[in-house]
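In: got a predicted model here, sequence first, then my questions.
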Amino acid sequence: MAKLLIKNGRVMDPETGHDQVADILIRDRYVVRVGQNLHAIAATLFDATGLVVAPGFIDMHVHLREPGFEHAETIETGSRAAAGGGFTSVCAMPNTQPVNDDATVTRYVLERAARSAVVNVFPIGAITKNSAGQELAAIGSMKNAGAVAISDDGKPVMNSRVMRRAMEFARVFDLPVIDHCEDLELSAGGDMHEGLESTRLGLKGSPGCAEDVMVARDLLLVEVTGARYHTAHVSTRRSLELIREAKARGLPVSCEVTPHHLALADADMIPYDSHYKMRPPLRSRQDVAALADGVAAGVVDAIATDHAPHPGSEKMQEFERCPHGVIGLETALAVALQVLVHSGRIPLMRLVELFTLGPARILGLASRGRLSAGMAADVTIFDPDVEWTYDVNRSLCKARNSPFDGRKFRGAPVATVVGGRIVWQR
Ligand SMILES: [Zn+2]
Ligand SMILES: [Zn+2]
């Protein structure tokens, strides 16, 4: 039996509030004990003195591009980048080729992951067939095959009747519905946030209300259906207010924010640099401030990267033509520490919760996101204070489309333990 003993780390478990220097003994795939002065015969030792030892980070919003777009990323390379960012689990969005809209594709993703991934991969199934927004996907059979949620991420479900039916089905199968909230008529192919900056740069703007309208619609449908519902990558102040109100009324609603929307506003863009182009777009300074407030106030449940790799050949076109999306697995912790913890907005335990227990609760992963005896042996070890500079050319993923290249950070992952095995070390 393989044993791992992590010694003298600052163990933080957001479920129990436990925060003290302790040892963790892992046997095979489970945590056996958390306590003082633990010893074990024939165990691999990891000295975590001066480091934080947290439950394994979960990124509930990642695009791994396999099957179909292996030139951009594969399950293997995406999982290596995840491990390098301190993530032990990722959720794979279904916008692959073919789209993950039935159990065959769900099983394919899981089989590829079992063979090539170094972290846990949880597939998210599509809401509609081919994510075309018309007919419901095979929701029940995808759940049976291992899907943990449904989403047409990237292609919002514009038809409200279809969304209502999807929520009714998802409720029966106890699956969360994750929506990319964007009214495509209002956003009308905008390339950045609609505002002074878009006018100044002469680029087509996508207004914040394109998101707000869809969040409002979804919340009204949650009221009717009772489905568990999650808003992906919230980017506006108004959306967050709507979600706060819905939560206050007791609706089963949750939401995530991305590190890039927390750190960057439209005015921070390097003009016409495609590494700042994503959906939803970087918003106004007021929106950025509102997101951090929402995190501090407990409205936001998770930080998720929306890691969206694109090869350089696609991103090196004029701004209007290049695809949306940025990579983010390897900078997520550092960006979040900078914006939220080192700035004094939230305590470190709350940050750990946003990366662990928050997403685990939304996805119903009962043995993850927590760090106590009996839990899965997924552990993220990080140094909240080490100074480093991000060099995107050393990224473990295939793509290089990051707005954070060359940025100085304080805080980084040191080791990633998945199922009791150290799969990455700084
Ligand atoms: Zn999206
Ligand atoms: Zn996405």
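Out: Okay, I see it. Residues are numbered from 1 along each chain as shown. Ligands and ions are numbered 1, 2, ... in the order given.
In: switch to C-alpha atoms for all contacts and neighbour counts from now on
Out: Fine.
In: any stretches of this structure with poor pLDDT?
Out: Along the chain, the model assigns pLDDT under 70 to residues 1.
In: tell me the centre residue of it?
Out: Centroid-nearest residue in the chain: Ala304, 2.2 Å away (criterion: CA atoms, centre = their mean).
In: surely that residue meets Asp59?
Out: Yes - Ala304 is within contact range of Asp59, at 5.2 Å (criterion: CA atoms under 8 Å).
In: so what sits against both of the two?
Out: Both Ala304 and Asp59 are in contact with Phe355, where contact means CA atoms under 8 Å, 6 or more residues apart in numbering.
In: list the contacts for the residue nearest to the centre of the chain?
Out: Asp59, Met60, His61, Val62, His233, Glu256, Val257, Thr258, Pro259, Phe355.
In: try 10 Å this time
Out: 58-62, 90-91, 232-233, 255-260, 328-329, 332, 354-355, 359 (CA atoms under 10 Å, 6 or more residues apart in numbering).
In: again, but for Phe69
Out: Counted by CA under 10 Å, 6+ apart, Phe69 has contacts Asn95, Thr96, Gln97, Pro98, Pro309, His310.
In: of these, buried ones?
Out: Among the contacts of Phe69, those classed as buried by 16 or more other CA atoms under 10 Å are Asn95, Thr96, Pro309, His310.
In: wait, which of those residues is closest to ligand 1?
Out: Using CA to the ion, Asn95 comes nearest to ligand 1 of the buried ones among the contacts of Phe69, at 10.1 Å.
In: ok so, going back, which of the buried ones among the contacts of Phe69 fall within helices?
Out: In helices, judged by DSSP state H, none of the buried ones among the contacts of Phe69 are found.
In: first to last residue in stretch 227-241, what's the distance?
Out: Using CA to CA, to the nearest Å, one end of stretch 227-241 lies 20 Å from the other.
In: wait, is Val300 part of a strand?
Out: No - under DSSP: H, G, I helix; E, B strand; the rest coil, Val300 falls outside any strand and is assigned coil.
In: from here on, count from 137
Out: Got it, first residue is 137 now, which makes that one Val436.
In: which residues touch it?
Out: Per CA under 10 Å, 6+ apart, neighbours of Val436: 367, 370, 376, 379-380, 390-393, 427-430, 490, 494.
In: around ligand 1, pick out the residues from this protein.
Out: Residues of the chain lying near ligand 1 by CA under 5 Å from the ion: Asp289, Gly290, His316.
In: repeat that for 8 Å
Out: Contact residues, the chain versus ligand 1 (CA under 8 Å from the ion): Asp289, Gly290, Lys291, Asp315, His316, Cys317, Ala368, His369, Arg415, Pro416, Asp442.
In: roughly how far does Val157 sit from ligand 1?
Out: To ligand 1, Val157 is 39 Å away according to CA to the ion, to the nearest Å.
In: what about that residue, which SS state?
Out: Relying on three-state DSSP, one would call Val157 strand.
In: helices of this structure, start to end?
Out: Using DSSP H, helices in the chain cover 211-220, 239-252, 275-281, 296-308, 320-323, 332-337, 345-361, 373-384, 395-399, 421-432, 448-451, 468-472, 484-491, 493-499.
In: reformat those helices as CSV; add distance to Thr552 and mean neighbour count.
Out: Listed next are those as CSV, based on distance: least, CA to CA, whole Å; neighbours: other CA atoms under 10 Å:
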stretch, distance to Thr552, mean neighbour count
helix 211-220, 6, 26
helix 239-252, 17, 18
helix 275-281, 27, 20
helix 296-308, 33, 18
helix 320-323, 39, 16
helix 332-337, 40, 14
helix 345-361, 35, 19
helix 373-384, 32, 18
helix 395-399, 20, 24
helix 421-432, 25, 19
helix 448-451, 28, 15
helix 468-472, 13, 25
helix 484-491, 14, 22
helix 493-499, 17, 23
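In: who's in contact with whichever residue of the stretch 437-562 of the chain sits closest to ligand 1?
Out: Closest approach between the stretch 437-562 of the chain and ligand 1, counting by CA to the ion: Asp442, at 7.1 Å. Going by CA under 10 Å, 6+ apart, Asp442 touches 195-199, 227-229, 289, 368-369, 392-396, 414-415, 461-465.
In: how about Leu339?
Out: Gly326, Asp327, Met328, His329, Glu330, Gly331, Glu333, Tyr408, Phe455, Glu456.
In: and the third one, how far is that from ligand 1?
Out: In this case it means Met328. 14 Å.
In: count of residues packed around that residue?
Out: Met328 has 28 neighbours, counted by other CA atoms under 10 Å.
In: what bridges to it?
Out: Per DSSP bridges, the residues bridged to Met328 are Gly341.
In: Ala548 and Phe223 touch, don't they?
Out: No - the criterion here is CA atoms under 10 Å, and Ala548 misses it with Phe223 at 11.8 Å.
In: neighbour-wise, which of the two wins?
Out: Just comparing Ala548 and Phe223: by other CA under 10 Å the higher neighbour count belongs to Phe223, 32 against 25.
In: I'd guessed that one sits against Pro549; true?
Out: Yes - using CA under 10 Å, Phe223 makes contact with Pro549 at a distance of 9.1 Å.
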